[in-house]
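Q: I'll drop the sequence and a predicted model, then ask my questions.
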Amino acid sequence: MKTLQEFEAFFQKEMMADLKILDQRRRDQVKRYTWIVLLTLLGLLLCVVLYLNFGRHSHSSAAGYIYLITGLAILITSAIVMSTWARDKTFYQDFKQKVIEPIVGFVSPDLQYEPRNFIGADSFQRSRIFMKTVDRYTGDDMVQGKIDKTQIWFSEVKAEYKSTTTDNKGHTKTTWHTIFKGLFFIADFNKHFQTSTVVLPNRLGKGVLGNFLNKMNWVRREKHVRLEDPEFNKHFVVYGEDQIEARYVLSTALMQRLTEFRKKHPNPIYVSFVNSFLYIAIAYQKDLFEPTWFKKLTRFSLVKEYFEDIQLAVSIVEELNLNNRIWTKQ
């Protein structure tokens, strides 16, 4: 695994020149948008002053409103046109090419980065981690390839479901709810599982009531599996179709690695073993691998965050010891 010190040397030698050019473009765009906001506010103030001094004293109140609406329409149209002019149309694409792609290549030359691709909704639902039906699904920043002998895929995804309500006047309102937003990871576990095993965050605690409610999970076909590792049980709750296979898959060593992984990373982590694949979902509130407009791109502390997010996904293979090929597919 590449170290932070190695990445800092790579950052200074290989990335800094491109980052300086990108950062100048970022500053230029921020300046242009700042001028647009200031001119728009000045235009709004002028419209109000003209209306107060001339429009409302016109022969008809309708004429005054026409003056005001016309002025606002011209102002809004001008702001839209200027915003289109001010936008750096290739900045987003160039950021991905000059920042994220080199970091992926640095982490491992065997990984391929596809900024517009993402893990499909069918794989997301096949994982059996989230049982809610997905009504809207988006994503980006796919990374795929091999870490030693293990084939992996991961990308940022967002899955949502909708609820519809109707008030007493017959008006219908649709509300979107997030099922999951974050990093979704798939690895070939090199073992064909006969049944599914799902590991979820233990949000109910390890008390008597928490254990009882964890057992009473009616939304999935898998049944609660109680394992003999109190530290693991403090962080996770396990459901499996087959108690014996669940214990076989979740060996003592693997439970220890998952526990250590959870302690190191505060974000909620979900894991499942279905068919021959390991699925891991790590929830994030922020958007991953996206440019920021109000921070210098040449600051190592900023670019380091992108490196750590990518390194986190790749480190799953090593931390869970997936390259120890102790099983074979049937």
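A: Nice, I can see it. Residues are numbered from 1 along each chain as shown.

Q: My guess is Met255 contacts Pro230. True?
A: No - contact criterion CB atoms under 8 Å: Met255 and Pro230 do not qualify, at 10.7 Å. In this view, the C-beta of every residue, glycine as well, is placed from N, C-alpha and C.

Q: Please identify which of the two sits among more neighbours.
A: The neighbour comparison of Met255 against Pro230 (other CB atoms under 10 Å) goes to Met255, with 21 against 8.

Q: how about the more buried one, what does it touch?
A: 227, 229, 232 (CB atoms under 8 Å, 6 or more residues apart in numbering).

Q: out of those residues, who has the most neighbours?
A: Phe232 (21 neighbours).

Q: List the contacts of that residue.
A: Per CB under 8 Å, 6+ apart, neighbours of Phe232: 255-256, 258-259.

Q: In three-state terms, label Arg116 for me.
A: coil (DSSP: H, G, I helix; E, B strand; the rest coil).

Q: any chance you could map the strands in the protein?
A: With DSSP state E applied, the chain shows strands at 111-114, 136-147, 150-166, 172-188, 197-201, 223-225, 236-240, 269-274, 277-283, listed in chain order.

Q: Buried among the contacts of Phe232? Need that as a selection in PyMOL.
A: Here is the PyMOL command that selects the buried residues among these (16 or more other CB atoms under 10 Å):
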select buried, resi 255+258+259
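
Q: and the contacts of Phe232, which two are the farthest apart?
A: Gln256 and Leu258 (7.4 Å; CB to CB).

Q: Closest one to Val37 out of the contacts of Phe232, please.
A: Leu258 (47.8 Å).

Q: about what we covered before: quick one: the strands of the chain as TSV, columns for mean pLDDT, distance to Phe130 and mean neighbour count too.
A: Formatted as TSV, the strands of the chain follow (pLDDT from 0 to 100; distance: least, CB to CB, whole Å; neighbours: other CB atoms under 10 Å):
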stretch	mean pLDDT	distance to Phe130	mean neighbour count
strand 111-114	94	24	17
strand 136-147	94	11	18
strand 150-166	93	7	17
strand 172-188	93	5	17
strand 197-201	93	10	23
strand 223-225	89	18	17
strand 236-240	92	13	23
strand 269-274	92	8	22
strand 277-283	92	8	21
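
Q: can you put those strands in a markdown table and add distance to Phe11?
A: Formatted as a markdown table, the strands of the chain follow (distance: least, CB to CB, whole Å):
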| stretch | distance to Phe11 |
| --- | --- |
| strand 111-114 | 17 |
| strand 136-147 | 19 |
| strand 150-166 | 22 |
| strand 172-188 | 22 |
| strand 197-201 | 34 |
| strand 223-225 | 44 |
| strand 236-240 | 36 |
| strand 269-274 | 28 |
| strand 277-283 | 24 |
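
Q: Indicate which one of those strands is closest to Val30.
A: strand 136-147 (23.2 Å).

Q: distance of Trp176 from Val134?
A: Distance of Trp176 to Val134, computed by CB to CB, to the nearest Å: 11 Å.

Q: Please apply the same query to Asp141.
A: 19 Å.

Q: Could you pull out the helices in the stretch 1-150 of the chain for me?
A: 4-10, 16-53, 61-86, 91-95, 101-107, 121-126 (DSSP state H, counting those that start in this stretch).
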